[in-house]
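In: have a look at this fold, sequence not included:
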Ligand SMILES: [Fe+2]
């Protein structure tokens with residue numbers, strides 16, 4: 001069993017790094033951290049970075065999760081290899097690019113690039129964005145899957161992941177008390193489907209909704225409230241067609257032994273308690 005401790009970062013290729021950084025800073029409300037030949041590191045909390053943009057193909061996405069110690073990383077490499085999965089051990093230069101002490105990379109059954117990282121760098125200074133969106137940190141992703149049931153099995157059988165709820169065929173899975181850390185959405189291509197940042201209050205979601213409307217940023221869903229996680233949300237369009245989400249009030253599952261995952265019906269209506277309808281292809285079933 002591979003034990004995940006935390007979500008770490010997402011790395012996104014983009015043909016326009018400066019444009020993506022400008023959007024992430026001025027619209028999303030992330031802080032531009034270090035910038036070097038390997039990319040630009042964006043901060044959302046106390047860590048060195050939780051999102052990195054690099055010059056590359058816009059479909060080149062990697063999601064990183066943290067393991068607790070070196071023995072756990074080495075055991076993970078062995079377990080994945082025993083499943084017949086190609087495991088790449090990060091070189092010193094690659095570790096420096098990711099700002100981690102060590103990592104391995106592998107592809108999940110849908111072909112999503114996943115880093116398991118050891119000791120990702122923290123930052124000497126607190127997060128201080130140019131725009132105050134009320135962000136408290138990077139929290140979860142939507143992950144594209146060519147077969148959500150198969151990928152749910154992969155994550156729940158080989159990792160300390162469990163299902164919190166299902167929305168149609170989408171499994172909402174987690175490794176800690178947060179309702180979900182990964183949402184597996186049916187998709188023809190691998191990749192990150194959306195990136196969530198938690199914000200402090202309902203007021204922050206609504207302030208951002210007005211702000212985004214004023215800046216003529218395309219709203220893809222919301223404001224609304226998910227019946228699954230109870231989070232109040234707004235989703236909007238970012239560079240390279242990526243969807244970014246703010247949410248607040250995500251349900252914490254403090255007693256997972258006694259919490260039964262619920263099946264919500266397929267279809268876009270099940271995504272919102274208030275009746276908001278998503279303009280997001282993967283949220284239709
Ligand atoms: Fe989300």
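Out: Yes, it's here. Since the model is a prediction, treat every value here as computed from it, not as a measurement.
In: so which elements touch whatever helix or strand residue 75 lives in?
Out: Residue 75 belongs to helix 70-82 when assigned by DSSP states H and E. Under the contact definition 3 or more C-beta pairs under 8 Å, 6 or more residues apart in numbering; DSSP states H and E, helix 70-82 sits against strand 102-107, strand 113-118. For every residue, glycine as well, the C-beta is placed using N, CA and C.
In: do you know which of those lies nearest the ion?
Out: strand 113-118 (18.3 Å; C-beta to the ion).
In: check whether the following helix or strand past that closest one contacts the ion.
Out: Going down the chain from strand 113-118, the next helix or strand is strand 135-145, by DSSP H and E. No: on the criterion C-beta under 5 Å from the ion, strand 135-145 is out of touch with the ion, staying 5.7 Å away.
In: and strand 135-145, what does it pack onto?
Out: On a contact count with 3+ C-beta pairs under 8 Å, 6+ apart, strand 135-145 meets strand 4-14, strand 182-186, strand 192-199, strand 243-248.
In: can I get those strands in JSON lines including distance to the ion and mean pLDDT?
Out: Shown next, in JSON lines, are the helices and strands packed on strand 135-145 (distance: least, C-beta to the ion, whole Å; pLDDT from 0 to 100):
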{"stretch": "strand 4-14", "distance to the ion": "12", "mean pLDDT": "98"}
{"stretch": "strand 182-186", "distance to the ion": "6", "mean pLDDT": "97"}
{"stretch": "strand 192-199", "distance to the ion": "4", "mean pLDDT": "98"}
{"stretch": "strand 243-248", "distance to the ion": "5", "mean pLDDT": "98"}
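In: of those, which stretch is the most buried?
Out: strand 182-186 (a mean of 26; mean count of other C-beta atoms under 10 Å).
In: the domain parsing of this protein - what is it?
Out: When the chain is parsed with automatic domain parsing, its domains come out as 4-118, 135-280.
In: so which bits of the chain are right by the ion?
Out: Listed as neighbours of the ion in the chain under the rule C-beta under 5 Å from the ion: 196, 245.
In: ok, now which ones touch the closest residue to residue 30 other than its chain neighbours?
Out: Nearest residue to residue 30, sequence neighbours excluded (C-beta to C-beta, 6 or more residues apart in numbering): residue 42, at 4.2 Å. By C-beta atoms under 8 Å, 6 or more residues apart in numbering, the residues touching residue 42 are 21, 24-25, 30-33, 49-53.
In: where does residue 42 land in three-state SS?
Out: strand (DSSP: H, G, I helix; E, B strand; the rest coil).
In: who's it bridged to?
Out: residue 32, residue 51 (DSSP bridges).
In: roughly how far apart are it and residue 51?
Out: Residue 42 is 4 Å from residue 51, where distance means C-beta to C-beta, to the nearest Å.
In: shared neighbours, the two?
Out: 24, 30.
In: circling back to that earlier point, in a markdown table, list the helices and strands packed on strand 135-145 along with distance to residue 94.
Out: Formatted as a markdown table, the helices and strands packed on strand 135-145 follow (distance: least, C-beta to C-beta, whole Å):
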| stretch | distance to residue 94 |
| --- | --- |
| strand 4-14 | 11 |
| strand 182-186 | 23 |
| strand 192-199 | 19 |
| strand 243-248 | 27 |
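In: before we move on, the earlier item: of all the domains of the chain, which one is nearest residue 127?
Out: Closest approach to residue 127 among those is made by domain 4-118 (5.0 Å; C-beta to C-beta).
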